[in-house]
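Asker: take this sequence and fold it.
(one chain, ligands or ions: 1)
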Amino acid sequence: MSVQANDDPYVLGRSAEEERRLQRQSAWYARPTRQLFADAGIAPGMKVLDLGSGTGDVAMLAAETVGPTGRVIGVDTNPGILETARRRAEQAGHTNITFIPGDLRAVALDDDFDAIVSRLILVHLPDPATALRDLLRHVRPGGVVTAYEPDFTLLGDAYPPCPLYTRACSWFAQGAGAAGMELAMGFRLHQLFIDAGLEAPRMFADALAGGGPDFLDDFTVYCAESIRSVLPLIVRGGFATEEEVGIETLGARLRDEMLSQNATVRHVLFMGAWARKA
Ligand SMILES: C[S@@+](CC[C@H](N)C(=O)[O-])C[C@H]1O[C@@H](n2cnc3c(N)ncnc32)[C@H](O)[C@@H]1O
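Answerer: Numbers count the residues shown, from 1 in each chain. Below you'll find the predicted structure:
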């Protein structure tokens, strides 16, 4: 079944809540993103293109990595979210990031990038291999491409079992998958890089994990925010009713379920990949 919340190709929407969710998510995923940049050899002085910048967190991590002698250009279809990204970059003191509104498949770009970085964007593209292949002409020979993407073939889990959390992970995957999100994006990265004309990527897989209030207080808010962003798709697709989801109390119920049994949670799997342009 195919369902769309609206005409926006970005299935998680353009709301203020989605912007907040992206920032919370970025805090969780900053560590593996930095690790990926280090593995890929992104270094001071480089010129980096960030695909689908959202609220600007990946661009800011890249700017930290390349330092004041480097530059970061971020692209996003949503001009509104780039206002937030610009404000946040300015507040963080970054003077070397430029955000360009536009579709990454069509926007005019320089041809001398040292690196293309991307996080949680290939999963939203109908033909990511073609998009990446076309973008490679903007990268110098020997430049590098990185991707960090979720894979919903391994949903979140908990021990002891937390049935509401398991259901919530399924709702997200069902809603987003019905709207066209590639649920096996992590596993597809290897072939995608090759189809784009890159060498076989080096890869890693990781997942958020933890238990106890220090972890769960924020994690369960993040889970509920993620469900909120796809709620229209979940309901429209018939995967759950608004009453079953109970979005206003979902975070608190997830927290209670996990804390009451002192559960350890392992969230959805993410995969990182990087490769050089020949
Ligand atoms: C899930 S967010 C990820 C944001 C950021 N990369 C991060 O990890 O925090 C995906 C972003 O990609 C943007 N986007 C989706 N399709 C796009 C396209 N074809 N060209 C440029 N941006 C796109 C959306 O507007 C959204 O802001």
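Asker: for the rest of this, base every contact and every neighbour count on C-alpha atoms.
Answerer: Noted.
Asker: in the strand of greatest length in the chain, what counts as buried?
Answerer: Secondary structure assigned by DSSP state E gives strand 139-151 as the longest strand of the chain. Judged by neighbour count (16 or more other C-alpha atoms under 10 Å), strand 139-151 contains these buried residues: 139-140, 143-151.
Asker: how close does residue 59 get to the ligand?
Answerer: Distance of residue 59 to the ligand, given as C-alpha to the nearest ligand atom, to the nearest Å: 8 Å.
Asker: what's that residue in contact with, if anything?
Answerer: 50, 53, 72-74, 97 (C-alpha atoms under 8 Å, 6 or more residues apart in numbering).
Asker: next one: residue 210
Answerer: Under the criterion of C-alpha under 8 Å, 6+ apart, the contact list for residue 210 reads 216, 264-266.
Asker: what are the pairing partners of the helix or strand where it lies, and which direction each?
Answerer: With secondary structure defined by DSSP states H and E, residue 210 is part of strand 209-211. Strand 209-211 pairs in its sheet with strand 264-266 (antiparallel), by DSSP bridges.
Asker: so for the strand it pairs with, mean pLDDT?
Answerer: What strand 264-266 shows for mean pLDDT is 98.
Asker: in that strand, which residues are buried?
Answerer: Buried positions in strand 264-266, judged by neighbour count with 16+ other C-alpha under 10 Å: 264-266.
Asker: related to what we said a few turns ago, between the buried residues of strand 139-151, which is closest to residue 204?
Answerer: residue 148 (9.4 Å; C-alpha to C-alpha).
Asker: if we can go back for a sec, can you narrow the contacts of residue 59 to ones near the ligand?
Answerer: Taking C-alpha under 6 Å from any ligand atom, the overlap between the contacts of residue 59 and the neighbourhood of the ligand is residue 53.
Asker: tell me which of the contacts of residue 59 fall in helices.
Answerer: Applying DSSP state H to these, no entry is found in helices.
Asker: possible to save the contacts of residue 59 as a markdown table with neighbour count?
Answerer: Output for the contacts of residue 59, formatted as a markdown table (neighbours: other C-alpha atoms under 10 Å):
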| residue | neighbour count |
| --- | --- |
| 50 | 27 |
| 53 | 28 |
| 72 | 28 |
| 73 | 22 |
| 74 | 27 |
| 97 | 25 |
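Asker: with pLDDT added, can I get the contacts of residue 59 in JSON lines?
Answerer: As requested, the contacts of residue 59 are exported to JSON lines (pLDDT from 0 to 100):
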{"residue": "50", "pLDDT": "98"}
{"residue": "53", "pLDDT": "98"}
{"residue": "72", "pLDDT": "98"}
{"residue": "73", "pLDDT": "98"}
{"residue": "74", "pLDDT": "98"}
{"residue": "97", "pLDDT": "98"}
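Asker: looking at the buried residues of strand 139-151, which two lie furthest apart in space?
Answerer: Among those, the pair separated by the greatest distance (C-alpha to C-alpha) is 140 and 151, which sit 29.6 Å apart.
Asker: near the ligand, which residues of the stretch 101-250 of the chain?
Answerer: 102-104, 119-121, 124.
Asker: picking that back up, reformat the buried residues of strand 264-266 as JSON lines; add distance to the ligand.
Answerer: Output for those, formatted as JSON lines (distance: C-alpha to the nearest ligand atom, whole Å):
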{"residue": "264", "distance to the ligand": "25"}
{"residue": "265", "distance to the ligand": "22"}
{"residue": "266", "distance to the ligand": "20"}
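Asker: tell me the spacing between the residue nearest to the spatial centre of the chain and residue 214.
Answerer: Taking C-alpha atoms, centre = their mean, the centroid of the chain lies closest to residue 120, which sits 2.5 Å from it. To residue 214, residue 120 is 26 Å away according to C-alpha to C-alpha, to the nearest Å.
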